[in-house]
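Asker: kindly return the folded structure for what I paste below:
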Amino acid sequence: MTTHTDLTKAVDLSRKPKPLYARPTLLRHQSGLMNKMGTQPRITPTDAIDGVPVSELVAQYGSPLFVYSQRTIEHRYRELQSNLARRYPKVQPAWSYKTCYLDAVCRTYHKEGSWAECVSGMEVNKALRNGMPMNKVVFNGPAKDEPTLLAALKGGAVVNIDHFDELAAIEQLAKTHGLFPKVGIRLNMATGNTPRWDRFGFNLDNGQAWDAVRRLQAGGRLSLNGLHAHFGTFILDADNYTIGATKVTAFVNRLKRELGITLDYIDLGGGFASQNRLKTQYLPGDQVTPSLAQYAEAVTRGLSELDYAEHELPTLITETGRGLIDEAGTLVTTVLANKRLADGRRAVVVDAGVNLLYTAFWYNFEIETTAPVVGVPEPTVVFGPLCMNIDVVREHIMLPPLPVGTRLLIRPVGAYAVTQSMSFIHLQPAVAMIGPDGQHAEIRAAETLDDLVRNERVPEWIEAGPQPAAGRPATPGRPGTPVLPRLTPLSAADRAIRLN
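Answerer: Numbering: from 1, shown residues only. Now for the predicted structure:
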């Protein structure tokens, strides 16, 4: 039987405030111990790069630090060159400068016999500075500046026309300077499951490329001696190259058959994937990336129907960048701090962020320790040092506890990381190269504040300090605005005193 006291208690309980709603957090069951997916792979530290202790490199060049392996650069280049040469008699690689245009890297490729593939006036001038003659420069890109374009035409560079406006501009330059240059045109096309790069060049599938050739001929000033095609980037299906090369071959044969044009070269660009791992990729890169031999086989298979005598076959130019150098680059970084996030995950802060690894936005890099660490691996977020929420080097990786000061190796980072890095919040670090015999040297010095501000200028009206507005009379009885002394840069000694 319900009593009056029971009813009173029920009313009192109903008046109590409800607890605040807390959204549940779902955590993936994954730890270093046994679970239904098996045990975690054992983390084996890597304490040296090409036989040189990481501790020695950091002691000499600091952290963070980019390190390139000359041995890997040379090995990958020779592997691709030999695989192509076994399948096609005339091959000429051209190093893609935008992938990494550090002088030491470019000159290593040039010593191996590579030409320079450039997509801007800056890159062309860098190639010339590195000892490349103009007739060993491939000049691509949609925005060729006129002075460099003129020098390229006069010097016999391989110039590939990107659009009709550029075609007209080159014709005008040729008329103005009395030139009759040889040029190529860039093609784009569908090649299977790779997105069509129709931003660049003339479309082959809809007839635009044929129209470009006829327009070039009608001008009477330029002669076509080559074709360029770049099928995409990070292409994991080598068959795309067979499809693309087959289409280019059919076009080459049609040019010869219908217009009597025989070509000196066919440039099939780059786009070979490295063993990096895209964020959308389930399996590790070494399990899904075709070998250089597979890429070479796919490219040359598409050229097998060329209707040319053996002695007149066009030279095959390749512009491989990432597929050659990515595995040659490592970023050494140091743990600065540990945190525990609200959802329970561990986080570590390291001294290298997306200012140095812009490519972290689409790659899941491998991260290794350089010394044994104790503890059970658990889901970890790796943050960089920037005061920006987007500074995430790796969103999810199984790592053991990492004490402050632990050195980590992030790789592969040889492609685009250095050329796309920036001085944002922190200055850029040094870059070192390890030679084939274990010798090492700095190939780019760490940036200093003087480097950062060297090209800055402060207008006189700012240096002079605040001034009365023009035409405004001074107020009686009110003191005038003081003129600040001119600012002078601190000497190195003064800077050291103030910092200490």
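Asker: switch to C-alpha atoms for all contacts and neighbour counts from now on
Answerer: Will do.
Asker: just checking, Cys100 touches Val431?
Answerer: No. Between Cys100 and Val431 there is no contact under C-alpha atoms under 8 Å: 11.7 Å.
Asker: just the buried residues of stretch 387-396, please?
Answerer: Asp391, Val392, Val393, Arg394, Glu395, His396 (16 or more other C-alpha atoms under 10 Å).
Asker: then stretch 423-439?
Answerer: His426, Leu427, Gln428, Pro429, Ala430, Val431, Ala432, Met433, Ile434.
Asker: any chance of those in TSV, plus distance to Pro24 and pLDDT?
Answerer: Conversion of the buried residues of stretch 423-439 to TSV gives the following (distance: C-alpha to C-alpha, whole Å; pLDDT from 0 to 100):
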residue	distance to Pro24	pLDDT
His426	37	97
Leu427	41	97
Gln428	41	97
Pro429	42	98
Ala430	45	98
Val431	45	98
Ala432	47	98
Met433	49	98
Ile434	50	98
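Asker: out of those, who's nearest Gly353?
Answerer: His426 (9.4 Å; C-alpha to C-alpha).
Asker: what are the phi and psi values at that closest one?
Answerer: For His426, the backbone dihedrals (degrees, to the nearest 10) come out as phi -120, psi 150.
Asker: how close does it sit to Gly405?
Answerer: 19 Å (C-alpha to C-alpha, to the nearest Å).
Asker: the buried residues of stretch 387-396 into CSV, with extra columns for secondary structure and pLDDT?
Answerer: Output for these, formatted as CSV (DSSP: H, G, I helix; E, B strand; the rest coil; pLDDT from 0 to 100):
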residue, secondary structure, pLDDT
Asp391, coil, 97
Val392, strand, 98
Val393, strand, 98
Arg394, strand, 97
Glu395, strand, 95
His396, strand, 94
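Asker: tell me the one of these nearest Tyr109?
Answerer: Checking these against Tyr109 with C-alpha to C-alpha, the nearest one is Val393 at 29.5 Å.
Asker: verify the contact between that closest one and Asp351 for me.
Answerer: No. If you go by C-alpha under 8 Å, Val393 and Asp351 don't touch, sitting 10.6 Å apart.
Asker: now Leu409, what's its secondary structure?
Answerer: Under DSSP: H, G, I helix; E, B strand; the rest coil, Leu409 falls in the strand class.
Asker: how about the strands of the stretch 51-200 of the chain, start to end?
Answerer: Secondary structure of the stretch 51-200 of the chain by DSSP state E, counting those that start in this stretch: the strands cover 52-53, 65-69, 91-96, 115-118, 137-139, 158-161, 182-188.
Asker: let's see the pLDDT reported for Ser14.
Answerer: Per-residue pLDDT puts Ser14 at 54.
Asker: please begin residue numbering at 465 from this point
Answerer: Sounds good: first residue 465 from here, last item Ser478.
Asker: quick one: the strands in the stretch 715-864 of the chain?
Answerer: Shown for the stretch 715-864 of the chain, the strands assigned by DSSP E, counting those that start in this stretch span residues 729-731, 779-782, 793-804, 810-814, 830-833, 842-847, 856-863.
Asker: most tightly packed of those strands?
Answerer: strand 729-731 (a mean of 24; mean count of other C-alpha atoms under 10 Å).
Asker: parallel or antiparallel, list what pairs with it.
Answerer: strand 687-693 (parallel), strand 779-782 (parallel) (DSSP bridges).
Asker: and the contacts of that strand?
Answerer: Defining contact as C-alpha atoms under 8 Å, 6 or more residues apart in numbering, one finds that strand 729-731 is touched by Asn689, Gly690, Leu691, His692, Ala693, Pro778, Thr779, Leu780, Ile781, Thr782, Glu783.
Asker: run the chain-centre distance for it.
Answerer: Centroid displacement of strand 729-731 relative to its chain, using C-alpha atoms, centre = their mean, to the nearest Å, is 24 Å.
Asker: what's the answer for stretch 627-643, then?
Answerer: On C-alpha atoms, centre = their mean, the centre of stretch 627-643 falls 32 Å from that of its chain.
Asker: in that stretch, what counts as buried?
Answerer: Per 16+ other C-alpha under 10 Å, stretch 627-643 contains these buried residues: His627, Leu631, Ile634, Glu635, Leu637, Ala638, Leu643.
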